[in-house]
Structures are given as C-alpha cells and as structure tokens.
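Peer 1: predicted coordinates and the sequence they were generated for:
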Number of protein chains: 4
Amino acid sequence: MIKAKVVGAGGYGGVGITELLLKHPEVEIGCLVSLSDTGRKMSDVFPHLRGFCDDVIVSPDDPKTKEHYDVVFYSTPDGVGMQSAEEEIARGAKVIDYSGDFRFGTVERYAEYANFIGLDPVHKSPALLTETVYGLPELHDVTDSQTIVGNPGCFAVSCILGLAPAVEAGIIDTKSIICDCKTGVSGAGKKPNAAFHYPNRYDNMNAYKLAGHQHVVEIEQELGLLGEDDVQITFTAQVVPVCRGIMSCLYASLEGQTGEQLLEVYKEFNKNNPFVRVQDARTPASIADVRGTNYCNLTVDVDERNNRLRVISHIDNLMKGQAGNALQNMNLMFGFDSGIGLASAGQYP
Amino acid sequence: MIKAKVVGAGGYGGVGITELLLKHPEVEIGCLVSLSDTGRKMSDVFPHLRGFCDDVIVSPDDPKTKEHYDVVFYSTPDGVGMQSAEEEIARGAKVIDYSGDFRFGTVERYAEYANFIGLDPVHKSPALLTETVYGLPELHDVTDSQTIVGNPGCFAVSCILGLAPAVEAGIIDTKSIICDCKTGVSGAGKKPNAAFHYPNRYDNMNAYKLAGHQHVVEIEQELGLLGEDDVQITFTAQVVPVCRGIMSCLYASLEGQTGEQLLEVYKEFNKNNPFVRVQDARTPASIADVRGTNYCNLTVDVDERNNRLRVISHIDNLMKGQAGNALQNMNLMFGFDSGIGLASAGQYP
Amino acid sequence: MIKAKVVGAGGYGGVGITELLLKHPEVEIGCLVSLSDTGRKMSDVFPHLRGFCDDVIVSPDDPKTKEHYDVVFYSTPDGVGMQSAEEEIARGAKVIDYSGDFRFGTVERYAEYANFIGLDPVHKSPALLTETVYGLPELHDVTDSQTIVGNPGCFAVSCILGLAPAVEAGIIDTKSIICDCKTGVSGAGKKPNAAFHYPNRYDNMNAYKLAGHQHVVEIEQELGLLGEDDVQITFTAQVVPVCRGIMSCLYASLEGQTGEQLLEVYKEFNKNNPFVRVQDARTPASIADVRGTNYCNLTVDVDERNNRLRVISHIDNLMKGQAGNALQNMNLMFGFDSGIGLASAGQYP
Amino acid sequence: MIKAKVVGAGGYGGVGITELLLKHPEVEIGCLVSLSDTGRKMSDVFPHLRGFCDDVIVSPDDPKTKEHYDVVFYSTPDGVGMQSAEEEIARGAKVIDYSGDFRFGTVERYAEYANFIGLDPVHKSPALLTETVYGLPELHDVTDSQTIVGNPGCFAVSCILGLAPAVEAGIIDTKSIICDCKTGVSGAGKKPNAAFHYPNRYDNMNAYKLAGHQHVVEIEQELGLLGEDDVQITFTAQVVPVCRGIMSCLYASLEGQTGEQLLEVYKEFNKNNPFVRVQDARTPASIADVRGTNYCNLTVDVDERNNRLRVISHIDNLMKGQAGNALQNMNLMFGFDSGIGLASAGQYP
C-alpha cells in the first residue's frame, strides 16, 4: 500500500486523481492540499465523495504536508511544482506534476516554453530536468526507477498520440501539420469566468488563443524527437459546449500512402499501448466512446484526392488528458500493471 | 462465479446492467439478448465497451438463450418478462424484471395497473405474483431465498424513498401528497423520437402525461402498505435537458413537526440503508452529487409557515432508478454484500 | 420618438431591453449606464449588437446621465432605483424599475420584503410608493398617467399569472398553494459563479433558497389583493440547465371544479390579455413555445381524483419575466399599443 | 405585397422562412405545403407560431398549391424542386430552392455532384440550369431579373465566404485548402435519429461523412470560379452539441502576407456586403455573436511562423446558412433592399 499526497485537491485535476486513487487497490490517500477550501472536508467541496473521502483539505503550510508520502501529485499551475519537488523527492516521494514545469528536458527548452507563455524563463529546479521524463508512456518508457514525471498537457496528448506514428514512420511533411482541436469546458478548470458561465457557453463555440497556445511547444518537442526534422505546427484551440472530451482533427501532407497502409502504421505503433485504440474511417467514433475513461481512440484516414493524412483523436481531457494519464504514470513508476484502477469502460449514455 | 443473461441488452437499461456486471467480481455475462441489433457485437452497438464486452447480441430465439443462467435481467417493456420468467425459474435462474410485470402482489393490483396504462389486465404468470417482491430493498427484505423481483420504476424509487419515512411515521396527511418530478431524458429510453431530438430538447423543458403516469400506481401501493391510510397522490412528470437524474420535490401536510424532528425520522428510517443519504435543507444538493451512482440523496425540509413537509429526492434514474438498483437486488438475492460493484462515488464534473 | 436611458446596461436585463428598444419604432436609446464596462462600446460587451448599438457605456457619474430622458429603465439590484428615481421623475422621465424597490405600495409592505431578504427596511423614496404600481398589466391598469412602475420578479410573473384567475374566482384554498418553479440559468444574471460554471451546470439541477425566495412576498401580496383571504404559499425555486425559461407547476385545493370549468375561468380572466395564452392539459406545451417572446402560456388542469388545481405556467424569464414585460409597461405608460416591438413569435428550434 | 408559397413547411428550413416572412412587410404567406403534417395547422406543428401562423398545411396535391404565387421556396431535399420549378415559373413565380438542384450551372457539373452523393445524374429540368444562379449574393449579383436561385448549402456558405477573398486575390495555394467545419445539430434537420437523440448528443461531438460531404462540390466550383486554378479541398464535417451555428476553421498556404494585409483583402472584398463582418484575430468571436441572425463573422488571421492563412467563419446555419440567405435572395429578386426583414441583431444570451 502506497500513500499519496494530492497538491491542488480543490480543482478538477485534483478531484480527478482523488476519484481514481480511491478505487486503486494499492494506494491510500494521505494528504489533500489546496490553497482554496482549506479546512473543509473534501466531500463538502465535492459532495459526490461523501462517505468516500471525508478528509479535511489542508493548506500548503500544514505540518501534515511535510510528512513522507510515496507519491505526490501536483495538480497545480506552472511554477508550483518546481518549488518543492526536490524537497519531496528528498523525503522519498515520487513526483507527478501536471504543469509545464517538468515536461522539458533542458533549461533551454524550458526557457523557450516559459517565454512563449509569458513566464519567468529561469527554472527553479534545473537539476530535476535531467531526471524528469515527458510522461506519455506511449512515447517514453516510464519505469519504477523514475522519480519524477511531467504529465503532459491535454491537447498535447491528443495531438501527439494522433501524429506520432506518422512522424516516426517519416511519411508526413512535418512542416505541413495542422492541429484543429476542440475541447470541452472542463479543460479550463474549476474557476468560474465569463466565457464559461452557462448562459454564454451552452449553445456556443469559439476559437481562442490564436496567437499561441501553451501546448504547442511540447507537441513540437515530442514530435521533433520522433522524426528526423523539426516540427512546426499550426494549432487552433477551440472550446465547445461539452464538459469532458477533446477531439482533434490532425492534418498533414502524405506522400501517397493509402488509408490501409496508414492504418497499419498506426496499429503497429500502438500494438503495446493498452490505452490507444486505432480504427478506420468507416467506423463511427465520438468522444462519448472515451468519456470517463483513459482511452485515446484514433480514427485514421487518408484524403487520397489530396494525399493528405487526416487523423481524428478522441480523449477525455480529464482522464487520458490529465488525471488518468497521471495514474498510468504512477502505476508504471511503482511497478504496477499500467491498467490498475484505470482499465474501465465508462458509462453510457 | 454466477452467470448472467441480459434480455433487452440493446437499450439503456441493458447496457447499464452490462456495465455494472463487467465490474462485478462474482458475475460473468453469459448471454446478451435483444430484438434489435441481433448479430452485432455489443461493443459495436456501444463502442465504449470495445475490449470489455465484444459478445455478439443474440435474438430471443437463439438456442443460447435456452441455457441455464443463474440470473436473468429483463430490461424489457411491460408484458415481456411475464411470458418467460417461469421458464427461466424452472431452469434454475433468479429473475429481475425492470417492468411493471412483477411489481404488484396480486392479480387485482396488477389488473388495476394494467388498466391504468392501457394494457391487457390479465397477468400471464399469476403464480409468480405470490413469489415476487417489489424490489426496493429499503422497504422490503430481499434475501437469497428470493427467486424473482420486480425492479421498481425510476420515478417511483425517487418518490417512495422520499416519502416512506414520513408515511411510516404517520406524520403526514396521505391525501395531501404532491410529487413534482423532473427527469433527465435517458428515462425515456434509447429510441429516438421528436420530443428528444436534440434541437427540440437542448434548451427546453415540459410536463407530460398529465392525465396519469404509470408509476403512480406503484407509489400509491407501496406508500399505502407503510401507513394506515390509503395514499392518493398528485403526480407531475417533467423532463428537463439533462441526461441522467431525477429530482423530485415532494410535498405533504404535516402536523407541526419541525425540520429537526423530520430529519431525525428520516435518519432513523435509513440507518441501515447504505444507498440513502439524508441531509438538511441548508446543505447544498444537486443531481450531480449522485450522477453515475446508486445513491439516493434526500434533502429533508419543513416549510414551518405552512406546516408542510418538503423533501427533495435526488437519484440517477439509470442507476438507483434502474440498473444500479437491479444489481443491488441481485447482490441480495445471491447473498452478496449489497454494495459489491456498486459502492462507488461517480465522477465530477 | 421618445428617448430612453438604460441603467444597468451591462447585464442581461440591460441588454434585453436594449435589444427590444433597438427594434421599437417609437424609441431611441439615449444613454447606456453601467458600473462595469464603462467606456466600452455596448457592442464590444455584446458583440451581437455590432452595427446596431455601438454607443459607449457611461458611468453613473457621467454628465450625460443627468440629461432629460423620457423613460428610464433601472435594470439594477434592489436599492439602486430608489436613490435616483425621484430625480429622474423631476426631470420629466417615466421610470421602470426591475428590482423590488417599487413593487410594494406601502412602506410597511416594503419593510416586510426588505426584512425578508436582509436589506435595510427603510425605503429611500417613500413618496413614490403611493405613485408606483406593480407592473403586471394583466392585474393592474398601467396607463399613460403612470410615472413609475415596479416591474415584477420573473418567478412572480409566472406564479401570479398562473394563479390569479383561480384566486380571483375564489375557487381555491389560498392556504394550500404550492409553487414548484424551475428556472433557466439566465435568471441568475451575467456575473459568473461556481454554481453556473458550465461543467457544474450542464447536466445538473438543484433546488435553492429553500429558506425563502425574495419573490414570495410579492406573489403573496398580489394574490392576496385578488382574493378575500390572505395567501401563504410554499415556494420552491429550482434551476435547470436551460438558458431562458421558467416553468412553474402550481397546485392548490379546489372545491370540485372540473378541468373544463377551470379552463373557462382562465380564458375569461385573460380575454383581454394579449400576452397570455391559455390551453388545456391535452395540448402539448413546453418553454420552447415562448422562448425569446413576451408570452405566458398556461396549461390549465384539474387532478379530479384529488380535487386539485394544477396549472403549468411557461414564460421566458428574460422577456415576460423581465425586459419584455418592462417594454409592455413602457408601451402602456406612453399610450402606445402594448404589443409594439413585442408581438413576435420567436425562433424555433 | 407579394405572395409566397413554402414547400417543405414542416421542416426547419420551412419554419425558418415562415418566421422570416411573417415579419417581412412586403410579403404574405399564401400556401404552406408539406408531405408530413398535412391537414394540421402550422401553429400546431410549431406552437410558437400560435396566433401568428395558424394556416393549415396542405399536401403537394392540394389544388391550392396550383395557384399563382410570386415566390416559391423549396425547402426540400435534392430532386424535388427540379420536378416542378418550371411549372412554377410558367405560372409567374420566382423560385428559391434550398437543395443542390439549382446550384450548378451545367448538366455536367450537376451530374458530377449527383454522382458524388449517389443520386441520378440526369437533371430533370436542364433548361433552368442556364437561368439559375448560385445564390450567394456576396459572389453573384442576384437581381430582379432573376427567376430562379439555388440557395447554397450551409457549410458551403461558411467556407466560401471565408475563403473567397483570398482565392480571388490569388494569394493562397488552392491545393492546400483545409476546411475543418463544426455544425450545430439543427443542420441535420427535424427528423429524429439515433445520432441526435438527446442522450447521445448532449455531451458529445464527432466527425462524419469522412468519405465525402455533399457540399464539397459546390465549394470547389465556386472558389474555382474566383481564382485561376482549380480548387481541391480537404473537408471535415463535425457535429457538436449546439442547436444553431457553424464555425469553420479554414487553412491554406500563403506566400508571405501578414495578418494586416490579409485583413485588408477581406475588408475590401466585403465592403458592399452588409451581412459579412470582418475582424482581426485579437477580437473575441463566437457563434453566439451571429445566433439567430443572417450575419457571417469572419476572423482573419495569419500563422506567420508557417505562412498559413487561418480564417474562422461563424454563421447561423439556419439563417445565413439557409432561410436567412434565402430571404436575402428573395429581397434581391424583387428589388427590395437586401436587409428588409433580416437586419436584426439577435438575442443574447
């Protein structure tokens, strides 16, 4: 039985990992930390947890947070994890961070990212950058010797899983990639704002951050590592009135492959990836197929008139795009089967 | 390990019990039967089950349906279960029927119900009416000697659980009861129709069946059994644009009890009911608290100015209102703990 | 051509009256006032108005607000209108206030209301209370000699129109009234909060303010004026995931009237009310029928088993429940036909 | 005063034009025709029209349909208009057809379209193909000498308006165009089906018709006429849980233009187009800005890192994408100002 601490328990990412940990046979929750809702029971903040998690949320200053935990989840904004991750590791914890803090392998890459999104480009914990790994198990081996993982961004998961097989196979022009991505509203977090006030959102959709979305940097990094050339994408973030789910339509120029050949490439790439399901363009697909689950469903298609790859990637942004993938990382970091507490079908409708 | 057959697997009630059985450690699914979708894989009809339930759906004539199963779920309309339940029991099965077929203890009560909703009043399997029980474990002991259960209607679960403590305590005027009930759309089933076509439903609500809803008969039967007087309710069914969930506002005249006293009555009544959570009127409540779960959350309130009970009952119509409650019955009929495969918190948001 | 000022232009009530005034052939908008969004174009705050209303929103201190306007709409919270309505009237304006400030005819009634909702019970402009009228034209004559009107609350409109004919006819027990009311989210205004953040609201419903809703006082006042007895209601406010619309189910004990007789009472009462449509319980009804319009559709029904009236009242809370009714008042206060700029069918779907 | 007949009055396209005609000062509705709902009042089928349009819907065989009307709207599937348009024109009517029947100028182009979507390639009324015009007034002059118009497809309107300025200016590679289009559910029409059953649609999104959407042919035709080269697009149709609205993200390779230059091209192109509003990428935009209106809002952007145009086109699919555009055509065909009955801002929220 391992003991977990969740930092940022009051947000969607925090409650998501809490729900998963509650069902996990090998973990118990030791400490829930949040800046907001301090002193309240987790089940008062999230009433569906009543009887399941009645622990009191503590502030980051609480002595309880200084105890030893086997695993610490940082469901926090950029810049938080890097301040105390070393300390946690020194106390014997393994760290899984949801932000951009540990997604980049060098201080230079981090600085590029931080500049892109307007943050201080100096990383607070550069030594850990050589230890961390970009926590997408379909691309990087995450093993039980890993002490820290940068859990990927939700859009990034959807785009990278949808493009990696083609980039690795060298069959697309990596300068021609377009990622047209639609997310549900939960991706924006729990804090209310005007854009996501129900009357403004219920029958609405829009693109946003046209000038540049923070996930672009990691997508280009990860795809760049897979192929021979640099990758430079056009990325459009959009929000539609669903709660959970990302659907990304991914386009790139091909050199004559057929849909069947492409399908083969994708199946081969994912043959050992239990949470990726590959299907052809005739099979109906929708985000309802993955809602509430850790799966990524990829529809693989070729527009043969135009020699263009079109892959449609479906995930639940709070699961494979966040807490689910974090738990998958945790399983691997502790030598558990990657599917424990995760291999579940969801509910329909 | 017991073996289950699901009749009506192609509908919401069928997929709901299938999802639950897949997670249940003591059950395996042996046979999925449906009139529609015959010959297709369950996971082609419900793609979220891909890799979890790829069994082929068979027709009711398929020899496979004649084999022995330990438990048979009839997720079917009125009149189906009564045609073959005896045969199933003769083959050694226990039967859980979702329709009105086995909710009434006598041919007379059944005839009253059948007349009310315009069906043939002659029951096809009257002998079983003396064996069946109204399958709401909070009211009736369901034990491992039980061979057949009439799983209650969704509105009925919500109203009965919300009123039973007060009726049993004899503190309300049973002629003054008003049940104002709002359901999500999934309660109407999987078959598309004009009323539930997205553009007509998304920003809409309406009352329906004002002349009489089929669940009224069982609500009046069950509450009548608890108290000394006959019960005669005013019932208004309404549909609102949510998928899952029933919220029923229940009103009745009291004789001077305070909110605190009423709360005590409700807590006492439910002290051994693991799936009922009682709370006072100051505690926030919403159907999101029970979405995807088998819980019934009751907000207990008194309008002291008017000496009127007001209870707000929240359930997931497809869980405590249908498949979840059916599994709870199954657990009890086989001597399992009632919470196996059910005691789960749901997902938020 | 009359000139209008809208105070509180940045909220839903303000944009609602702005939309209506823009289409009204006899009015021009002279001044838009708001505490928020000062200095921005109305069409930057509400982009659908681009090209239709590009006026700059001014602060309450702006000299422009001190000019003469023929009509002033206060789309503001309680306590705002009473501070400057006298001044406006002195400048020759007619005043329509959306809050509780001018809904009560005496300082005592106002104090009762103010106490009920926790406000200062001393009215700031008591002289106007003898001049104001409760602005529901179906109950009170609003004529061109009227200088000030208290525009009613949205729930109140729905309940009063649904009960007034029966109360006036003296056929219901006024102590038995229950108002079970469901509103769309826009009723809570434009300011974002956690309850109406899309992920919390999209598939959810809940009751709120069980301890007492501010509209109860005016419902009881207005119904009390119609009948011989005091009226004391049980009122339950609920919110469902629609944007616009209130559906109120109204119950009360009858003395043996049939549905047909009741229908006659309601039709007679409303024979000169152009915005009230009365229908029987067999006619399908939903809030979509009134969405975007100033109509109130009443389904009139009797539960004959229980001698109970059941009326279902449907309005658009932002139209007949707010800005539409305000314009209807304006039309009457200036001697225009009450339907000018209002008698429109809405859009479907 | 001109007299109108609406064929297909029972669908969304039919009720949409009916709503608009009811408000138009120069038109009266003479005849409503539909295969379904024959013999019912229009206001029984669409209750929001009660008191506004209580005409009885007649069958296509009704003698009333053979009378003279000044304008006939075919809100009907492919293949209907071509069977009787000549007859209507012979009786003195002008014809506006919503289907593909009259969108193509030659029998060859029509055959190509018909083959693409699996219809009989032989046009039933080839003589009219030389008279008809593709009814997008921003591209083709529609004048009062025009007797027949092929009203464009909803996706086509959104894509063509979003790309026409760039294609005409010759600044994009017409082989690099990608149209990633998301539509609301009303685009699929009024007939219920499983995909748009509320429980399947409410929290869902999906791509469809990946093998080829019927609007591709007309988009390529119209853009091809504007530029020097053939146009061959990759097109992805998607459906999201909104009722009304299309948001199309349009991509193409540029040759070094800046965002500012592109904006200039778009503004110049649209300087005389009253229903197209052009804005830069910093200005917030969403489909709520055009909901219920005839406007097309274009966000014009350049991804300068990749020399790629990105235009986001927002329309209401039932207005500028269907009935609104049809009325705009009618206005032009009768010499009215194009904005009569259309230049309205919509409602928010």
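Peer 2: Yes, it's here. Residues are numbered from 1 along each chain as shown, chains lettered A, B, ... in the order given.

Peer 1: relative to D:V231, how far out is the residue of chain A positioned farthest from its centre?
Peer 2: Centroid-distance maximum for chain A: A:R305 at 34.0 Å, with CA atoms, centre = their mean. Computed as CB to CB, to the nearest Å, the A:R305 to D:V231 distance reads 12 Å. The C-beta positions use only the backbone N, C-alpha and C, and glycine is treated the same way.

Peer 1: please name the residues that touch the residue farthest from the centre of chain A.
Peer 2: Each residue near A:R305 by CB atoms under 8 Å, 6 or more residues apart in numbering or on different chains is listed here: D:232, D:234.

Peer 1: in what element of secondary structure is it found?
Peer 2: Following DSSP states H and E, there is no helix or strand that holds A:R305.

Peer 1: isn't A:C159 right next to A:I178, touching?
Peer 2: No - in this structure, A:C159 is not within contact of A:I178 by CB atoms under 8 Å, at 10.3 Å.

Peer 1: which neighbours do those two share?
Peer 2: With CB under 8 Å, 6+ apart, A:C159 and A:I178 have common neighbours A:233, A:235, A:250.

Peer 1: CA atoms of the helix or strand A:A326 falls within as CSV?
Peer 2: Here A:A326 is covered by helix A:323-333, with elements defined by DSSP H and E. Extracted in CSV, the C-alpha atoms of helix A:323-333 (Å, rounded to 0.1, in the frame of the first residue of the first chain):
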residue,chain,number,x,y,z
ALA,A,323,-5.6,12.5,-14.1
GLY,A,324,-6.0,9.2,-15.9
ASN,A,325,-2.6,9.5,-17.6
ALA,A,326,-1.1,10.6,-14.3
LEU,A,327,-2.4,7.4,-12.7
GLN,A,328,-1.0,5.4,-15.6
ASN,A,329,2.4,7.1,-14.9
MET,A,330,2.1,6.3,-11.2
ASN,A,331,1.4,2.6,-11.9
LEU,A,332,4.5,2.4,-14.1
MET,A,333,6.6,4.3,-11.6
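
Peer 1: any part of it near chain B?
Peer 2: No - Helix A:323-333 lies out of reach of chain B by CB under 8 Å from any CB of the partner chain, never closer than 10.0 Å.

Peer 1: give the other helices and strands that that helix contacts.
Peer 2: In terms of contacts (3 or more CB pairs under 8 Å, 6 or more residues apart in numbering or on different chains; DSSP states H and E), helix A:323-333 is packed against helix A:12-23, strand A:71-74, strand A:94-97.

Peer 1: quick one: closest of these to C:P137.
Peer 2: Proximity to C:P137 (CB to CB) singles out helix A:12-23 among the helices and strands packed on helix A:323-333, at 47.0 Å.

Peer 1: what mean pLDDT would you report for that closest one?
Peer 2: Average pLDDT, helix A:12-23: 98.

Peer 1: is chain C contacted by it?
Peer 2: Yes - contact of helix A:12-23 with chain C (CB under 8 Å from any CB) involves A:Y12.

Peer 1: that helix close to chain D?
Peer 2: No - using CB under 8 Å from any CB, helix A:12-23 never reaches chain D; the gap is at least 15.3 Å.

Peer 1: separation between the residue farthest from the centre of chain A and C:V15?
Peer 2: 46 Å.

Peer 1: same question for A:F73.
Peer 2: For A:F73, the distance to C:V15 equals 43 Å [CB to CB].

Peer 1: of the two, who's got more company?
Peer 2: Higher neighbour count among A:F73 and C:V15: A:F73, with 32 against 27, using other CB atoms under 10 Å in any protein chain shown.

Peer 1: dump the lengthiest helix in chain A to CSV, restricted to CA.
Peer 2: Secondary structure of chain A read by DSSP state H shows that its longest helix is helix A:154-169. What follows is helix A:154-169, C-alpha atoms only, in CSV (Å, rounded to 0.1, in the frame of the first residue of the first chain):
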residue,chain,number,x,y,z
CYS,A,154,-4.4,17.6,-22.6
PHE,A,155,-4.3,19.0,-26.1
ALA,A,156,-0.7,17.7,-26.4
VAL,A,157,-1.8,14.1,-25.5
SER,A,158,-4.4,14.2,-28.1
CYS,A,159,-2.2,15.6,-30.9
ILE,A,160,0.9,13.7,-30.1
LEU,A,161,-0.8,10.3,-30.0
GLY,A,162,-2.6,11.2,-33.2
LEU,A,163,0.6,12.1,-35.1
ALA,A,164,3.4,10.2,-33.5
PRO,A,165,3.1,7.0,-35.7
ALA,A,166,3.1,9.0,-38.9
VAL,A,167,6.0,11.2,-37.8
GLU,A,168,8.1,8.3,-36.6
ALA,A,169,7.4,6.5,-39.9
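
Peer 1: mind checking if that helix is in reach of chain D?
Peer 2: No - judged by CB under 8 Å from any CB, helix A:154-169 and chain D are separated, with a smallest distance of 12.6 Å.

Peer 1: same deal with stretch A:182-194?
Peer 2: Yes - against chain D, stretch A:182-194 shows contacts by CB under 8 Å from any CB at A:182, A:184.

Peer 1: show me what counts as buried in that stretch.
Peer 2: For stretch A:182-194, a neighbour-count test (16 or more other CB atoms under 10 Å in any protein chain shown) marks A:182-188, A:190, A:192 as buried.

Peer 1: let me know the closest of those residues to A:E86.
Peer 2: A:E86 lies nearest to A:K190 out of the buried residues of stretch A:182-194, by CB to CB, at 28.1 Å.

Peer 1: residues contacting the closest one?
Peer 2: A:10-12, B:349, C:194, C:197, C:199.

Peer 1: per-domain residue ranges of chain A.
Peer 2: With domains defined by automatic domain parsing, chain A comprises A:2-151+A:322-333, A:154-315.

Peer 1: and of the helices and strands packed on helix A:323-333, who's closest to C:V265?
Peer 2: Closest to C:V265 of those is helix A:12-23 (CB to CB; 52.0 Å).

Peer 1: tell me what that closest one is packed against?
Peer 2: Applying 3+ CB pairs under 8 Å, 6+ apart, one finds that helix A:12-23 contacts strand A:2-7, strand A:27-33, helix A:42-45, helix A:323-333.

Peer 1: switch the cut-off to 7 Å
Peer 2: Counting contacts by 3 or more CB pairs under 7 Å, 6 or more residues apart in numbering or on different chains; DSSP states H and E, helix A:12-23 packs against strand A:2-7, strand A:27-33, helix A:323-333.
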